[in-house]
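Quick one, fold the following:
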Amino acid sequence: MLNSSKTPTGKAKKGQVTVRPDSRSIKACFPRNYFADSKQVKLRTGINPDDWKATASKLEHRLQLELEEGKLDDGYGNFNLGRYQEILEEYGLRAKLRLVRSVETSDDQLPPKPEMSLMEVWDMYCEYRKSGLRESFYENTYQGQFKNYLKSAIEATKSEDALKIRNWLIENRNHLTVKDILSNLSKAYRIAIKNKLLTHNPYEGLAKEIVTKGAKGKTQDEVENDNDVLDQSKAYTWEDAGIIVDYVENKYPYWLNFLKFKFLTGCRTGEAIAFMWCDIEWDKERVLIRRTYDRITKKFYPLKNDSSYEGEEIRKFPMPKDGKLWSLLKSINPGQANANVFKSKTGKVINKDVFGNAWRGQKTTKFQCKGIIPALIEQGKLTKYLSPYNTRHTFITHAVFDLGIDEKVVAKWCGHQIDISNKHYQDVAIFAETINPEVPMSQQVQQQSEIEILKQQIEDMKKLLQDKDK
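Next up, the predicted model:
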């Protein structure tokens with residue numbers, strides 16, 4: 001018996017965890033007053049009965065702390081078996097856990113068999129969330145990315161064990177996404193428990209300690225995120241962009257115009273795919289970005305620009321006559337007003353995944369493609385891999401840092417969040433349409449100054465002539 005948790009009479013103190021021999025094994029015995037059914041919980045520890053005291057003492061102390069902090073409660077008054085299993089793993093212990101809830105006997109009883117599989121729980125949760133989410137986000141994220149990750153983890157581990165699923169995801173997938181998945185899984189199990197479909201939540205607390213950065217040495221998800229558009233480390237230089245374009249022109253000519261458009265406008269991939277001939281206003285020397293395409297639902301949607309511009313659904317991007325963007329669009333054979341400007345090799349709507357495979361490379365049993373960026377890195381022409389979405393970052397950092405264009409103007413063109421009040425919105429909107437996105441701001445300021453001087457000279461001349469007439 002352990003003196004730390006016993007009174008001189010040999011009985012456990014009230015509310016204390018004990019780790020002691022019981023029925024030829026070392027078990028953790030938990031006080032009955034912490035859980036809803038007021039019965040004692042006894043669990044195997046996996047500690048060697050021949051040499052148990054030192055390890056038992058450490059484990060006992062840890063379990064007591066966890067109990068007092070409420071971490072061994074699943075939130076519904078039940079014992080959190082998943083958390084207990086996690087603690088054993090930390091001490092290098094493994095045990096065939098059988099839950100005992102009786103003070104009369106220590107005979108092992110198997111816990112209830114799970115009523116639902118992991119994917120059944122997930123599908124139930126998706127139905128619960130469906131009505132509150134945008135269709136494309138629901139299909140892409142909950143029924144797409146998250147579900148595929150879980151299926152891959154189950155297949156790879158040959159198991160539905162929560163810890164094995166968690167560990168595999170952390171080792172093989174982006175940590176930020178994994179944290180989101182585990183958090184949602186925990187919510188899913190809570191709902192199932194509340195509806196009396198399950199009795200235990202194995203994912204409770206599993207998301208809390210995950211560091212939200214990519215797994216070392218693993219290929220990371222290419223998340224479309226505007227939070228870091230001014231981070232130059234996440235953008236190619238304008239010289240790099242030229243190298244990429246030249247390589248694509250020689251090796252993948254059917255992607256050339258599409259890629260150029262992305263670099264020249266900083267638009268999102270879905271926006272470039274959804275760009276139509278009716279979005280070009282030649283007389284006003286501008287293009288309109290007003291919809292995006294979703295590859296899962298195969299539908300077009302209005303823009304989801306941030307609310308700092310009062311929910312604007314159309315962005316106006318300057319296209320100076322005979323400039324690079326103007327010349328690019330003039331070089332393409334025009335189609336019907338509602339036809340997409342950029343199409344796949346087969347003349348259909350561009351598949352974002354197909355473009356991504358050409359960009360990053362693809363290896364299957366039947367097909368191998370090195371990829372645009374890996375090939376250029378191998379040739380020593382590029383030093384880093386960035387996703388197709390980072391063509392947007394490249395344009396934005398080029399406009400702000402190379403050309404000196406005000407960040408507010410660039411944000412107006414590209415539809416990303418910036419600290420700008422609605423009071424100044426109209427001023428920025430008008431100013432943005434007068435700026436050339438292909439010329440350094442210093443030259444434009446000089447040109448504007450010369451124009452203003454010329455205007456003033458004309459006004460002075462008019463006034464002088466009027467005075468002579470008098």
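
okay, now residue 376: neighbour count?
By other Cβ atoms under 10 Å, 20 other residues sit near residue 376. To be clear about C-beta, it is placed using only N, CA and C from the backbone, and glycine gets the same treatment.

Where does it sit, in terms of helix or strand?
helix 372-378 (DSSP states H and E).

How about residues contacting the helix or strand that that helix is followed by?
Per DSSP H and E, helix 372-378 leads on to helix 390-397 as the next helix or strand towards the C-terminus. For helix 390-397, contacts defined as Cβ atoms under 8 Å, 6 or more residues apart in numbering pick out 226, 228-232, 234-238, 240-241, 259, 262-268, 386, 410, 414, 416.

Inside helices: which ones of those?
Counted as lying in helices by DSSP state H, out of the contacts of helix 390-397, are 238, 240, 241, 259, 262, 263, 264, 265, 410, 414.

Check the contacts of helix 390-397 for burial and list the buried ones.
Buried members of the contacts of helix 390-397, counted by 16 or more other Cβ atoms under 10 Å: 226, 229-230, 234-236, 238, 240-241, 259, 262-268, 386, 410, 414, 416.

The helix holding residue 376 - contacts with which helices or strands?
helix 238-251, helix 352-360 (3 or more Cβ pairs under 8 Å, 6 or more residues apart in numbering; DSSP states H and E).

As a check, name the ranges of all strands in the stretch 151-300 of the chain.
Remark: strands assigned in the stretch 151-300 of the chain by DSSP state E, counting those that start in this stretch are 280-281, 286-289, 291-294, 299-302.

The first one: partners in the sheet, and parallel or antiparallel?
In other words, strand 280-281. strand 286-289 (antiparallel) (DSSP bridges).

taking the mean pLDDT, what do you get for the strand it pairs with?
Here strand 286-289 scores 94 as its mean pLDDT.

Which residues does that strand contact?
Residues contacting strand 286-289 (Cβ under 8 Å, 6+ apart): 265, 267, 271, 275, 279-281, 303, 314-319, 325, 329, 415, 433.

Among those, name the buried ones.
265, 267, 271, 275, 279-280, 303, 315-319, 325, 329, 415, 433.

shouldn't residue 173 be in contact with residue 146?
No: between residue 173 and residue 146 there is no contact under Cβ atoms under 8 Å: 10.4 Å.

Look up how far residue 18 lies from residue 45.
11 Å (Cβ to Cβ, to the nearest Å).

doesn't residue 327 fall inside a strand?
No: Residue 327: not assigned to a strand; according to DSSP: H, G, I helix; E, B strand; the rest coil it is helix.

Can you spell out the domain ranges of the chain, please?
3-90, 118-194, 232-432, 440-470 (automatic domain parsing).

which of the ones you listed has the lowest average pLDDT?
Minimum mean pLDDT among the domains of the chain: domain 440-470, a mean of 62.

Output the ones in helices among the contacts of helix 390-397 as JSON lines; include the columns distance to residue 294.
Converted to JSON lines, the ones in helices among the contacts of helix 390-397 look like this (distance: Cβ to Cβ, whole Å):
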{"residue": "238", "distance to residue 294": "30"}
{"residue": "240", "distance to residue 294": "29"}
{"residue": "241", "distance to residue 294": "26"}
{"residue": "259", "distance to residue 294": "20"}
{"residue": "262", "distance to residue 294": "17"}
{"residue": "263", "distance to residue 294": "23"}
{"residue": "264", "distance to residue 294": "23"}
{"residue": "265", "distance to residue 294": "19"}
{"residue": "410", "distance to residue 294": "26"}
{"residue": "414", "distance to residue 294": "19"}
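
Which one, of the domains of the chain, ends up nearest to residue 200?
For the domains of the chain, proximity to residue 200 was assessed by Cβ to Cβ; domain 3-90 is nearest, at 5.6 Å.

Distance from the closest one to the middle of the chain?
Distance of domain 3-90 from its chain centroid, counting by Cα atoms, centre = their mean, to the nearest Å, is 39 Å.

residues near residue 190, how many?
The number of residues packed near residue 190 is 18, by other Cβ under 10 Å.

Can you give me the distance of the nearest residue to it once chain neighbours are set aside to residue 162?
Counting by Cβ to Cβ, 6 or more residues apart in numbering, the nearest residue to residue 190 once its immediate chain neighbours are dropped is residue 201, at 6.0 Å. Applying Cβ to Cβ, the value for residue 201 to residue 162 is 9 Å.

Residue 262 now?
Residue 262 is 41 Å from residue 162, by Cβ to Cβ.

what do you get for residue 406?
50 Å.

Would you mind telling me which of those two has more residues around it?
Set residue 406 next to residue 162 and count neighbours by other Cβ under 10 Å: residue 162 wins out with 23 against 15.

surely the more buried one meets residue 202?
Yes: the pair residue 162 / residue 202 is scored as a contact, 3.6 Å apart, by Cβ under 8 Å.

shared neighbours of those two, anything?
residue 82.

Give me the buried positions along the helix or strand containing residue 125.
Taking DSSP H and E as the definition, residue 125 sits inside helix 118-130. Neighbour counts over helix 118-130 (16+ other Cβ under 10 Å) mark 118, 121, 122, 123, 125, 126 as buried.

what do you get for stretch 142-150?
142, 145, 146, 147, 149, 150.

now do stretch 244-251
Result for stretch 244-251 [16+ other Cβ under 10 Å]: buried residues 244, 247, 248.

Just list the residues touching residue 80, thanks.
Counted by Cβ under 8 Å, 6+ apart, residue 80 has contacts 71, 72, 73, 74, 200, 201, 204, 205.

Redo those residues as JSON lines? Include neighbour count.
Converted to JSON lines, those look like this (neighbours: other Cβ atoms under 10 Å):
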{"residue": "71", "neighbour count": "18"}
{"residue": "72", "neighbour count": "23"}
{"residue": "73", "neighbour count": "18"}
{"residue": "74", "neighbour count": "23"}
{"residue": "200", "neighbour count": "21"}
{"residue": "201", "neighbour count": "27"}
{"residue": "204", "neighbour count": "26"}
{"residue": "205", "neighbour count": "16"}
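
Most widely separated two among those residues?
Pairwise over the contacts of residue 80, using Cβ to Cβ, the maximum falls at 71 and 200, 14.8 Å.

For residue 21, give me its contacts.
Per Cβ under 8 Å, 6+ apart, neighbours of residue 21: 27, 49, 52.

Repeat the analysis, applying 10 Å as the threshold.
Residues near residue 21 by Cβ atoms under 10 Å, 6 or more residues apart in numbering: 1, 27, 47, 49, 52, 56.
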